[in-house]
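Colleague: Sequence first, predicted model second:
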Amino acid sequence: MGKPPQFAVEGTLFFASIFLLSQASSIPIVSVPQPALSSFKINSTTQTYLNGGGCTFSVSIRTSCSSPYLTEDQISLSFGDAYGNQVYAPRLDDPSSRTFERCSSDTYQINGPCTYDICYLYVYRSGYDGWIPYDITVSGYYTRPVTFRYNVPIPSNIWYGFDYCSGGGRSGGGTTIKADWGWSLLSIFMTLWYTIMGQVQHWLA
């Protein structure tokens, strides 16, 4: 049996690494949302960014197909990093434009303080319709995209979501979300790549 061409092996490994890199760029966080701790507060300084300044974040909200067809619920959002940088987006709802319609996707450009990688996100819902988000993806100029998956009913009048900051805190310490396993996987793959290529070159010699 003939030996496979070296370029074919290299090409296969190269495209496999590109695929893994693309998948690692926006790793969804999969867990169960929880009520925010009683210590969670909206920073008053975030209000100064509502009319511009700081950084702009793209927030994509997909409404669950289990949600009511239309909603008049009042929806607010808060997210941030492990260093106390917080972005606050009050009242994203707009019934007149049919936002948060069942099975729909709505994208917002939200101003706030610049952050490192986003590691927590909470939703505040007020109303009687029982709007259900499917997932929420946040991306910014300095941050990698991250997706927080809900697809469960959100209790009314409480902040509800995810906190993956190191130790559950936001005043220092760790910086990144637990979704970094994708980058670790890529690192392992690249190590294996170079090991295999060394064996292939020895084989073809």
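Modeller: On my side now, so go ahead.

Colleague: Regarding the closest residue to Val59 other than its chain neighbours, which helix or strand does it belong to?
Modeller: Nearest residue to Val59 in three dimensions, chain neighbours excluded: Tyr108, at 4.8 Å (Cβ to Cβ, 6 or more residues apart in numbering). Backbone N, C-alpha and C define where each C-beta goes, glycine included. Secondary-structure element containing Tyr108, defined by DSSP states H and E: strand 105-112.

Colleague: What's the first helix or strand after the helix or strand where Leu121 lies?
Modeller: Per DSSP H and E: Leu121 is located in strand 120-126. Using DSSP H and E, the helix or strand that follows strand 120-126 in sequence is strand 133-140.

Colleague: tell me what that next one is packed against?
Modeller: Applying 3 or more Cβ pairs under 8 Å, 6 or more residues apart in numbering; DSSP states H and E, we find strand 133-140 packed against strand 55-63, strand 120-126, strand 143-149.

Colleague: What helices and strands are in contact with the strand holding Tyr108?
Modeller: Judged by 3+ Cβ pairs under 8 Å, 6+ apart, the packing partners of strand 105-112 are strand 55-63, strand 86-89.

Colleague: Return the residues in contact with Lys58.
Modeller: Quick fix: residue 58 is Ser, not Lys. Residues in contact with Ser58 (Cβ atoms under 8 Å, 6 or more residues apart in numbering) are Thr107, Tyr108, Gln109, Ile110, Val138, Ser139, Gly140.
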